[in-house]
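1. Sequence first, then the predicted structure:
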Amino acid sequence: MESSAKPKYRKISDLLVHPPQMVKNVFGSITWKVNTTEKLIYLTFDDGPIPIITDKILTALNLFNAKATFFCVGENVKKYPSIYKEILAEGHSTGNHTFSHLNGLKTDTKTYLENIEKAAEYIDSNLFRPPHGRMKTSQQNEIRKKYKIVLWDVLSLDYNQTISKIDCYYNIKHFSRPGSVIVFHDNIKAETNMFYALTHTLLFFSEAGYRFEALNSSMLKQNEKIPHRRIPIFANLW
Ligand SMILES: [Zn+2]
């Protein structure tokens, strides 16, 4: 892997795995990666915390002295407060992923914002990631007043059961570079692909001299550009 070379798109689903710059430019107020030339990678885990799987993730991260960011579902934090505390105690950061894992495009803005605030009763963070990577422009405009919105530079597609665990890892290996924000899922559906891809990612990039850090809002410089009104095509691919 050459960190300076631009990774090539190989198939249509790569547009989802690694959103093209053109799409990123349209949504100027969203963080897709961290702007750095240092060998740093930002692992993120969506949808937890849940018993067993979150614990296994924490163990794997610990083995590599890796820190990560967990975009938690409020409902799960309410159910499993001790696992949430464990995430923080191990030096990882957390973000808001709504209380009920709502799809923004199917939810009116008032309900969506209330759901985020309900999650905020359990998750003390000003990082936000919309479930399914989807939200309306009206929602985005409100959320960004209070939160830094984080999407991704590399989506592992670990939840997609038509993709093998090896392809899942190769997606990450192919597209990751300094500052990449990588998405995994802290849920049962993704478990097999996620663990294979996570452990291999930790191994490969550690060997390559990378460190894994947690995101925090102060490192993310948001571009205040007003977002374009249209939802990008890729948002409807999954
Ligand atoms: Zn999610």
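-> Nice, thanks for sending it over.
2. Pull the contacting residues for the residue lying farthest from the centre of the chain.
-> Residue distances from the centre of the chain (Cα atoms, centre = their mean) peak at Lys110, which lies 23.9 Å from the mean C-alpha position. Not one residue lies near Lys110 by Cβ atoms under 8 Å, 6 or more residues apart in numbering. Placement of C-beta: from N, CA and C, glycine included.
3. That one in helix, strand or coil?
-> When classified by DSSP: H, G, I helix; E, B strand; the rest coil, Lys110 comes out as helix.
4. what's the answer for Ile182, then?
-> strand.
5. May I ask you to confirm that it is in contact with Leu40?
-> No - Ile182 is not in contact with Leu40 according to Cβ atoms under 8 Å; the separation is 11.5 Å.
6. between those two, which one's more packed in?
-> Taking other Cβ atoms under 10 Å, Ile182 and Leu40 do not tie; Ile182 has more neighbours (25 against 16).
7. give the contact list for the more buried one.
-> 41-44, 152-156, 172, 176, 201.
8. so which of these comes closest to the ion?
-> Set against the ion, the nearest of the contacts of Ile182 by Cβ to the ion is Thr44 (10.5 Å).
9. phi, psi of that closest one?
-> phi -130, psi 150 (degrees, to the nearest 10).
10. For it, give the beta-bridge partners.
-> Thr69, Val183 (DSSP bridges).
11. That one: how many residues sit nearby?
-> Neighbours of Thr44 (other Cβ under 10 Å): 25.
12. Ok, Tyr170 next?
-> 16.
13. what's the distance between it and Ile188?
-> In this structure, Tyr170 and Ile188 are 23 Å apart, going by Cβ to Cβ, to the nearest Å.
14. Please apply the same query to Asp46.
-> Asp46 is 13 Å from Ile188, where distance means Cβ to Cβ.
15. Could you show which parts of the chain are in contact with the ion?
-> By the rule Cβ under 5 Å from the ion, the part of the chain lying against the ion is 46-47, 131.
16. for the protein, what spans make up the strands?
-> 30-31, 40-46, 68-72, 93-96, 127-128, 148-150, 154-155, 181-185, 211-212 (DSSP state E).
17. Looking at this protein, which helix is longest?
-> Secondary structure of the chain read by DSSP state H shows that its longest helix is helix 191-207.
18. Against which helices or strands is it packed?
-> In terms of contacts (3 or more Cβ pairs under 8 Å, 6 or more residues apart in numbering; DSSP states H and E), helix 191-207 is packed against strand 40-46, helix 53-63, helix 165-175, strand 181-185.
19. most tightly surrounded among these?
-> Comparing the helices and strands packed on helix 191-207 by mean neighbour count (mean count of other Cβ atoms under 10 Å), strand 40-46 ranks first with a mean of 26.
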